[in-house]
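Asks: coords please:
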Amino acid sequence: MRRFAALFEALDRSTATLDKRAALVAYFRDAPPEDAVWGLWLLSGGKLARIANSTELRDWIVEASGLPLWLVEDNYAHVGDLAETLALLLEDPATAPVDRPLHEWVARLRAVAGEAADVRRDVVVDAWRTLPYAQRLVFNKLMTGALRVGVSTRVVQQALAEFSGLDIARIAQRMFGRWEPSPEFLRDLLHPDELPSDRQQPYPFFLASPIDGEPAALGAIDDWLLEWKWDGIRLQLIRRAGETALWSRGEERLDGRFPEIERAALRLARDAVIDGELMAWRAGEAQPLPFTALQTRIQRRKPGPKSLADAPARVLAYDLLELDGVDLRERPLDARRTALAELVDALDDPAIALSPTVRADDWAHAAQLREASRERGVEGLMLKRRASPYQMGRKRGDWWKWKVDPLTIDAVLVYAQSGHGRRSTLYTDYTFALWDGDALVPVAKAYSGLDDKEIATLDRWIRAHTRERFGPVRSVDAVQVFELGFEGVNRSPRHKSGIAVRFPRILRWRHDKPAAEADRLETLRALAS
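Replies: Predicted coordinates:
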C-alpha cells in the first residue's frame with residue numbers, strides 16, 4: 001500500500017503530464033505484478049464495492065477516535081471529502097506499520113463486502129489504526145469508491161507503452177472493455193507478440209475534434225470527405241470466424257441487444273471490423289428516430305417484438321478497419337471507404353447501410369448544407385481528410401466535427417449541489433427550470449460552462465440565498481437566470497417536464513435578465529415538435 005499511496009500523492013500534487021507519466025512508469029517498474037495490475041485497474045476507473053454507508057462510517061470514526069459526532073460533522077463540513085475527513089481524525093500509529101501490499105488490502109475489502117456490520121467495521125477500524133495518514137487516505141478512498149486521480153486512461157497507457165516498449169495502440173486495444181485484474185492479465189497486456197486474444201478485441205476508436213474557425217482554412221474541399229454527423233451510439237461491428245460482436249465506444253459489449261444487426265453481420269460475405277453509428281431508424285423513412293427511441297433499446301438485453309418494432313436498429317457504416325483479418329487502418333480513408341462500400345452493397349440489408357457522403361461544391365455550399373442539419377435529424381457535418389489513416393484517440397488534423405450552433409434557452413437556477421473531488425467544497429452542479437404558468441418546472445442539470453471566478457461568486461450567492469436543504473441539495477431563491485445550450489430536445493414521459501434535453505451546458509450568466517423573463521416550457525416543447 002505504501003508504494004501505491006506514494007503514487008497517488010505524486011499524481012494528485014502534480015499538474016505536469018510528463019511528471020505524472022514518469023511517476024506511473026516508476027510505479028509499474030517497481031511494483032510486483034499482483035499490486036501493479038490492481039493499481040492499473042484503479043487508475044483506469046475501476047471501483048470496489050462500497051464497504052459501508054456514510055452513517056456507518058461516521059459511527060465507526062466516533063468510536064475509534066473518541067470524538068463527538070458533532071465535531072466529526074463539523075470537520076466534514078469544512079473538509080468536504082468524507083475519505084479525507086476520516087483520515088484526518090485519527091493519529092498515525094505509534095509504531096512502524098507492517099507494509100501490507102495493495103492487493104492484500106483489496107482482497108480484505110472484497111472479502112467483507114456485504115457482510116454484517118461488525119465484520120466490516122473490524123476490517124475498517126483495523127486499517128485506520130495501523131496505517132499512516134497517506135495510506136489511510138487511499139484506503140478510505142478505495143472503500144468509499146471515491147478514488148479519483150487527475151490522470152487520464154491515455155496517460156496511464158502512455159506510461160505502460162514507455163515502460164514496456166509496446167505500441168500504445170496495442171495496449172489500448174488489449175485494455176478495451178471489462179477485464180479482471182490479475183498477474184496473468186498484466187503479463188498478456190505487456191506481451192511483445194501478437195496473442196490469439198488480440199483478434200477478439202475491437203480497435204481503439206479514432207475521435208474527431210471540434211473545428212476551430214472556418215473550414216476554408218483546411219484547404220481545398222476536394223481533399224475532404226464530408227458526411228453527416230449522426231446522433232446515435234458510436235460502435236464497432238466485428239465479424240470474425242463466423243462470430244459477431246458489437247462494441248460501443250463506452251467499452252461495453254452490446255451483444256443480444258440488437259439481434260437484427262447481428263443477423264445482418266453474419267450474412268456479410270467476408271470477415272470485417274466496421275466502424276459506424278448505431279441508430280433507431282424505420283425502413284423507408286427519410287431520417288432517423290430521435291435518440292430517445294434508441295435509449296429504449298440500449299438496456300434491453302433481450303428485446304421483445306414490440307421493442308424491435310417500435311425502434312428498429314440500423315448501423316450506418318462509415319469506416320472499414322479490418323477485412324479478412326488484415327488491418328486496414330494505415331491505408332487512406334478513400335481506399336477503406338471503397339472497400340467498405342463494396343462489402344455493404346453486396347450485403348444489401350437495411351440493418352447495415354453505408355453512411356452517405358455529402359457532396360458540396362465549395363465550403364460556402366457546405367455551410368449551407370450544415371445549416372439544414374436539424375431538419376435532417378443530424379448534428380452537423382463530419383470533415384475527414386481523404387488521405388487520412390485511422391488513428392486512435394482524439395488526434396487533431398484529419399477528422400473534424402462541424403456541428404450546428406446549439407439550441408438555447410434562458411432558464412432559472414432552482415437547485416444546487418456540491419461537486420466532487422477538488423470541487424467537493426463548492427456548489428457546482430446546478431438544476432435549471434422554465435416557467436409553466438406561474439410555476440417553475442425543472443428541465444435540465446448542468447455543471448460546465450462557468451469559469452472559476454464565476455463558480456466562486458455563485459457558490460457564495462447560493463450559501464446566502466438557500467431556501468431549503470434536501471440532503472446534499474439546496475433549493476435557492478429563484479432569481480438567477482442562465483443561458484443554456486444543448487444539442488437536441490425530445491419529448492420524454494420519464495421526465496416531469498415531458499422534455500429531455502441532450503448535453504446541456506451553461507453558455508453565460510444572464511445578469512441582465514430578471515427571472516420573470518426566463519423562457520417558458522412551451523418554448524422548449526416547440527423545439528421538440
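
Asks: Now do the end-to-end distance for stretch 322-333.
Replies: 13 Å (CA to CA, to the nearest Å).

Asks: Other residues contacting it?
Replies: Counting contacts by CB atoms under 8 Å, 6 or more residues apart in numbering, the residues outside stretch 322-333 that touch it are 199, 203, 225, 240, 270-273, 319-321, 335-336, 339, 343, 384-391. (C-beta placed from N, C-alpha, C; glycine too.)

Asks: Buried ones only from the residues you listed, please, as a PyMOL command.
Replies: This is how PyMOL selects the buried members of the contacts of stretch 322-333, with burial counted by 16 or more other CB atoms under 10 Å:
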select buried, resi 203+225+271+272+273+319+320+321+336+343+384+385+388+390+391
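
Asks: Alpha carbons of the lowest-mean-pLDDT helix or strand in the chain, in CSV - could you do that?
Replies: The helix or strand with the lowest mean pLDDT-type score in the chain, counting by mean pLDDT, DSSP states H and E, is strand 488-491 (a mean of 78). As requested, C-alpha coordinates have been extracted for strand 488-491 and formatted as CSV (Å, rounded to 0.1, in the frame of the first residue of the first chain):
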residue,chain,number,x,y,z
GLY,A,488,-31.1,18.3,-29.1
VAL,A,489,-34.5,18.1,-27.4
ASN,A,490,-37.1,15.3,-27.4
ARG,A,491,-40.4,14.5,-25.7
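
Asks: can you list the domains in the chain?
Replies: The chain breaks down into these domains under automatic domain parsing: 2-144, 209-403, 407-527.

Asks: which residues sit in contact with the spatially closest residue to residue 431 that is not a sequence neighbour?
Replies: Once its chain neighbours are removed from consideration, residue 431 has its nearest residue in residue 415; the separation is 3.8 Å (CB to CB, 6 or more residues apart in numbering). Residue 415 is in contact with 430-431, 442, 473-476, counting by CB under 8 Å, 6+ apart.

Asks: hang on, residue 415 in a strand?
Replies: Yes - secondary structure assignment places residue 415 in a strand (DSSP: H, G, I helix; E, B strand; the rest coil).

Asks: Quick check: bridge partners of it?
Replies: When bridges are taken as DSSP bridges, the partners of residue 415 come out as residue 431, residue 475.

Asks: so where is the protein shaky, pLDDT-wise?
Replies: Low-confidence segments of the chain, defined by pLDDT under 70, are located at 420-424, 529.

Asks: the helices in the stretch 251-400 of the chain, which residues?
Replies: With DSSP state H, counting those that start in this stretch as the definition, the stretch 251-400 of the chain shows helices at residue ranges 259-266, 291-298, 305-310, 333-347, 363-371, 373-376.

Asks: got the contact list for residue 381?
Replies: Residues touching residue 381, when contacts are defined by CB under 8 Å, 6+ apart, comprise 226-229, 358, 366, 369-370, 373, 401-402.

Asks: Need the helices of the stretch 251-400 of the chain in a markdown table (columns: distance to residue 96).
Replies: As requested, the helices of the stretch 251-400 of the chain are exported to a markdown table (distance: least, CB to CB, whole Å):
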| stretch | distance to residue 96 |
| --- | --- |
| helix 259-266 | 58 |
| helix 291-298 | 52 |
| helix 305-310 | 61 |
| helix 333-347 | 60 |
| helix 363-371 | 66 |
| helix 373-376 | 65 |
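
Asks: List the buried residues in stretch 316-335.
Replies: For stretch 316-335, the neighbour count (16+ other CB under 10 Å) marks 316-323, 328-329, 331, 333 as buried.

Asks: which phi and psi does the residue nearest to residue 256 when sequence neighbours are not counted have?
Replies: Sequence neighbours aside, residue 301 is the residue nearest to residue 256 in space, at 5.3 Å (criterion: CB to CB, 6+ apart). With angles defined as degrees, to the nearest 10, residue 301 sits at phi -70, psi -30.
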